[in-house]
Structures are given as structure tokens and as C-alpha cells.
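Q: Starting from these lines, generate the structure:
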Amino acid sequence: MRVSAHATEDESRVRSALDLFLLNSFDKGKCTDTDKYVESMVFEGYHGNPITLFSATIKRKPDTKAFAAFVRPNMTPEDVELLREEMPDRLDDDQMFHLRFDKQAAFNGQIKLSSSSDAIIVKVKIETYPKDRLNAGRIVEELFG
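A: I've put the predicted structure just below:
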């Protein structure tokens, strides 16, 4: 997961939006403090403005399933339908499933898909052995469909 906080944004609000996903991506009670999972880096924007990039990685399979179990039922029916339609396009050749969520909605406790580049960007690695896009698609359907 990654999200950027531009100079005009309150970093704590952006972090709070990211935390919505992190706090709900671990077995209940395992994550009460997201600081140990989040890395931040400051970059200089095109006009010299600072941009803070927050990123976090969830590695354990149960935590990834908890993420999907949180996201899917909290999406609107319209977003679920959109996700179903776009699933093949969101799964790349490396079996990475791409999602973008609205930062402002997440800050308000809502899960809303976004097509904006200024969003919470989530990449979910779908592992299959051997590598099989069709089987990966089935896993994505199970998790998010």
C-alpha cells in the first residue's frame, strides 16, 4: 500500500486514511499501532513542494485475507460491480492485482474505489504454483468478487 501527502494536505489525515486499511488487515487485536508497518519518505515535487510518501507492506497470507475480508463487504454495490467488470484488467502479467481507493473517503471511514492517481494505491500479489493467470483470477474472485 502506498499513498502520498502533498504539501497542501494534512499528513496526519493521509496517514489516518492509510490506517483504515492497516488496522483492518490483521487478525483482530494484532495491530493497534501501525507505526511499525509504515515507512515514510519525503520527496521534492515538481515545483519544489514537499511530498511525503507513506508505504506499508502486508506479507502474511492471513493478513492479506483479512484485508480482503474488510474491503469487500465495505464497498458499495456499484464499486463491487465495477471491480467485477475490471478484474481482468486489474490483474497484470506478474499476477499483481491493482486497486486504488479514494483518500478522502478512507479518511471518513469509507471504502471507495478511485481512478485518480492521487489515491491509496494497493497492489496484492497473487501467488500460484506454477504461475497461472487463470488460477490467479479465480483467487482474486474469491477474495474480492
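Q: mind listing the helices in the protein by residue range?
A: Assigned helices in the chain, in chain order: 11-23, 61-71, 77-90, 103-107, 133-144 (criterion: DSSP state H).
Q: Using CSV, write out every CA atom in the last one.
A: Going back to what we said before, that points to helix 133-144. Provided in CSV are the C-alpha atoms of helix 133-144 (Å, rounded to 0.1, in the frame of the first residue of the first chain):
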residue,chain,number,x,y,z
ARG,A,133,-3.1,-16.3,-14.6
LEU,A,134,-6.4,-18.1,-14.8
ASN,A,135,-5.9,-19.6,-11.4
ALA,A,136,-4.8,-16.2,-10.0
GLY,A,137,-8.1,-14.8,-11.5
ARG,A,138,-10.1,-17.3,-9.5
ILE,A,139,-8.2,-16.4,-6.3
VAL,A,140,-9.0,-12.7,-6.9
GLU,A,141,-12.6,-13.6,-7.5
GLU,A,142,-12.7,-15.5,-4.2
LEU,A,143,-11.1,-12.6,-2.3
PHE,A,144,-12.8,-9.6,-3.9
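Q: Counting by contacts, list what that helix packs against.
A: helix 61-71, helix 77-90, strand 96-101 (3 or more Cβ pairs under 8 Å, 6 or more residues apart in numbering; DSSP states H and E). C-betas here are computed from N, CA, C, even on glycine.
Q: same question, the longest one
A: Applying 3+ Cβ pairs under 8 Å, 6+ apart, one finds that helix 77-90 contacts strand 96-101, helix 133-144.
Q: what's the distance between the most centrally placed residue in the chain and Gly109?
A: Centroid-nearest residue in the chain, with Cα atoms, centre = their mean: Val122, separated by 3.0 Å. Remark: distance between Val122 and Gly109 (Cβ to Cβ, to the nearest Å) = 17 Å.
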